[in-house]
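>>> Please work out how this folds:
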Amino acid sequence: MSLPSEGWALKAEHDFKIGKRELTFDDPVTDMVCFHMQQCVEKYLKAYLAFRGIPFRRTHDIAELIELCRKADPEFEALYELRADKLTRYAVEARYPEEFFVPDLEEAREAFRIAEAVRQWIKGKLPLPGGAS
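Got it, this is the predicted structure:
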């Protein structure tokens, strides 16, 4: 890995793989699927920002990251149509008992579908060797 964007993309791929594998089980841990899908999207957005040399603060807010990306490339508006910002809630709510809830299987599958679409879209914007996967 020579660029920070490659590191972010690799970590995003790890999150994607974990969530995808979990969904293959008879009793998937749906809150963790949703969490890892949020993390995948967050890290791909940060990969793009790192690639473009755009600074960002430590945040899990997908909409905030999309807005930073959109300043460099207005096409990032499309991520709202893919409902990427819907995943923000899983960064914290799915992990901590204070905000405890367990999404049902359909919600986990929807989070996966959103992340998969956003992942492919952002990968098209990055010059990643071997596609980062």
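
>>> check which helix or strand covers Tyr80.
Assigned by DSSP states H and E, Tyr80 belongs to helix 78-81.

>>> Let me see the contact set for the residue most central in space within the chain.
For the chain, the residue sitting closest to the mean C-alpha position, by C-alpha atoms, centre = their mean, is Val41 at 1.2 Å. Applying C-beta atoms under 8 Å, 6 or more residues apart in numbering to Val41 gives the contacts 12, 62, 84, 87, 114-115, 118-119. Heads up, the C-betas are built off the backbone N, CA and C, glycines and all.

>>> What's the separation between Lys71 and Leu65?
11 Å (C-beta to C-beta, to the nearest Å).

>>> my bad, should have said Val33
For Val33, the distance to Leu65 - C-beta to C-beta - is 21 Å.

>>> ditto for Cys40
Cys40 is 13 Å from Leu65, by C-beta to C-beta.

>>> Please apply the same query to Glu77.
Relative to Leu65, and taking C-beta to C-beta, Glu77 is found at 13 Å.

>>> more crowded one of these two?
When Glu77 and Leu65 are compared for neighbours, Leu65 comes out ahead with 27 against 12, by other C-beta atoms under 10 Å.

>>> Can you name the helix or strand that the more buried one falls in?
Using DSSP H and E, Leu65 falls in helix 62-72.

>>> what comes into contact with that helix?
So helix 62-72 is contacted by 38, 41-42, 45-46, 48-49, 52, 54, 56, 59, 76-77, 79-80, 84-85, 87-88 (C-beta under 8 Å, 6+ apart).
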